[in-house]
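Participant: this one's sequence-less:
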């Protein structure tokens, strides 16, 4: 009798201002299907008590993720899933912990192999929402003449840009739980070129068709510059975890199955 293959452990990373709560639908669906699911709050996010204005390095922001991966047994691997700016955390972890990650998944995410090393990287990876005018509220905890320490999208624009196809109840939940994100720390997301552990981790991209934040053409640019092993397309806004959770779960499972099959062939 053949033993059933052990189902993978999925670990989910939120975007700027989000938290583990963003994945509540996905966690329920995948848990009910027998998968192990971990949803993390990065530092200053979700219920993590840290002040995002006091998080001034990307390493500090990612500490909960690094601590989690460090705690895994040597033989254990996870599927690491990042949404939006959470893609930067996934890439950083892939550089540092390639043996702990069986697959990296980017969902409408910033996917830059080396982070923000150049101005072109910033252009490619930071959403351009200039057509909406003044979109963000900033805090300048280091002083008015210094870069901002945290950022959050203005309340009146969140529905239009981030949750334009999401159910009203999920949008309402988000407006109650979103926190300012540590933008100062995120701008320091740079990964050394000589560290190529990231190439040992297969990665896939899930492209969001009706995204008003990370627009499809911007996603295409990042996909072309660092080609994934597979690209999937989902009919959703920037938040498929809310607007199309059943299809998203199916894509995540299929993405892992395709990688697993390739490795065993």
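Facilitator: On my side now, so go ahead. For clarity, every value in this text was computed on a predicted model and none was experimentally measured. Residues are numbered from 1 along each chain as shown.
Participant: in this protein, where's the longest helix?
Facilitator: When the chain is parsed with DSSP state H, its longest helix is helix 245-264.
Participant: so residue 79 lies in a strand, does it not?
Facilitator: Yes - the assignment for residue 79 by DSSP: H, G, I helix; E, B strand; the rest coil puts it in a strand.
Participant: once you drop chain neighbours, what's closest to residue 234?
Facilitator: In space, and not counting its chain neighbours, residue 234 is closest to residue 240: 5.2 Å by C-beta to C-beta, 6 or more residues apart in numbering. Heads up, the C-betas are built off the backbone N, CA and C, glycines and all.
Participant: now do the same end-to-end measure for stretch 149-158.
Facilitator: Stretch 149-158 has an end-to-end distance of 20 Å (criterion: C-alpha to C-alpha, to the nearest Å).
Participant: go ahead and name everything in contact with that stretch.
Facilitator: Residues outside stretch 149-158 that contact it (C-beta atoms under 8 Å, 6 or more residues apart in numbering): 16-17, 52-54, 56, 132, 134-142, 161-162, 171, 174-175, 178-184.
Participant: show only the entries of those residues found in strands.
Facilitator: 136-139 (DSSP state E).
Participant: go through these and name the one nearest residue 203.
Facilitator: residue 136 (28.6 Å; C-beta to C-beta).
Participant: burial check on the closest one, number of neighbours?
Facilitator: 15 (other C-beta atoms under 10 Å).
Participant: and residue 226, by the same measure?
Facilitator: Every residue meeting other C-beta under 10 Å relative to residue 226 is counted, giving 16.
Participant: what's the pLDDT at it?
Facilitator: What the model reports as pLDDT for residue 226 is 97.
Participant: I figured it hits residue 113, correct?
Facilitator: Yes - assessed by C-beta atoms under 8 Å, residue 226 is found in contact with residue 113 at 4.7 Å.
Participant: circling back: buried subset of the ones in strands among the contacts of stretch 149-158 as a ChimeraX selection?
Facilitator: Of the ones in strands among the contacts of stretch 149-158, the buried ones go into a single ChimeraX selection, burial set by 16 or more other C-beta atoms under 10 Å:
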select :139
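Participant: can you redo the ones in strands among the contacts of stretch 149-158 as JSON lines, where the extra columns are distance to residue 89 and pLDDT?
Facilitator: Converted to JSON lines, the ones in strands among the contacts of stretch 149-158 look like this (distance: C-beta to C-beta, whole Å; pLDDT from 0 to 100):
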{"residue": "136", "distance to residue 89": "20", "pLDDT": "97"}
{"residue": "137", "distance to residue 89": "23", "pLDDT": "97"}
{"residue": "138", "distance to residue 89": "21", "pLDDT": "97"}
{"residue": "139", "distance to residue 89": "21", "pLDDT": "98"}
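Participant: between the ones in strands among the contacts of stretch 149-158, which is nearest residue 204?
Facilitator: Nearest to residue 204, judged by C-beta to C-beta, of the ones in strands among the contacts of stretch 149-158 is residue 136 at 29.7 Å.
Participant: where along the protein do the strands fall?
Facilitator: Using DSSP E, strands in the chain cover 9-13, 36-40, 78-83, 101-107, 136-139, 150-153, 203-208, 230-234.
Participant: turn these into JSON lines, including distance to residue 28.
Facilitator: Putting the strands of the chain into JSON lines (distance: least, C-beta to C-beta, whole Å) gives the following:
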{"stretch": "strand 9-13", "distance to residue 28": "12"}
{"stretch": "strand 36-40", "distance to residue 28": "9"}
{"stretch": "strand 78-83", "distance to residue 28": "15"}
{"stretch": "strand 101-107", "distance to residue 28": "17"}
{"stretch": "strand 136-139", "distance to residue 28": "31"}
{"stretch": "strand 150-153", "distance to residue 28": "26"}
{"stretch": "strand 203-208", "distance to residue 28": "19"}
{"stretch": "strand 230-234", "distance to residue 28": "19"}
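Participant: quick one, which of those is nearest to residue 221?
Facilitator: The nearest among the strands of the chain, by C-beta to C-beta, is strand 203-208 at 11.6 Å.
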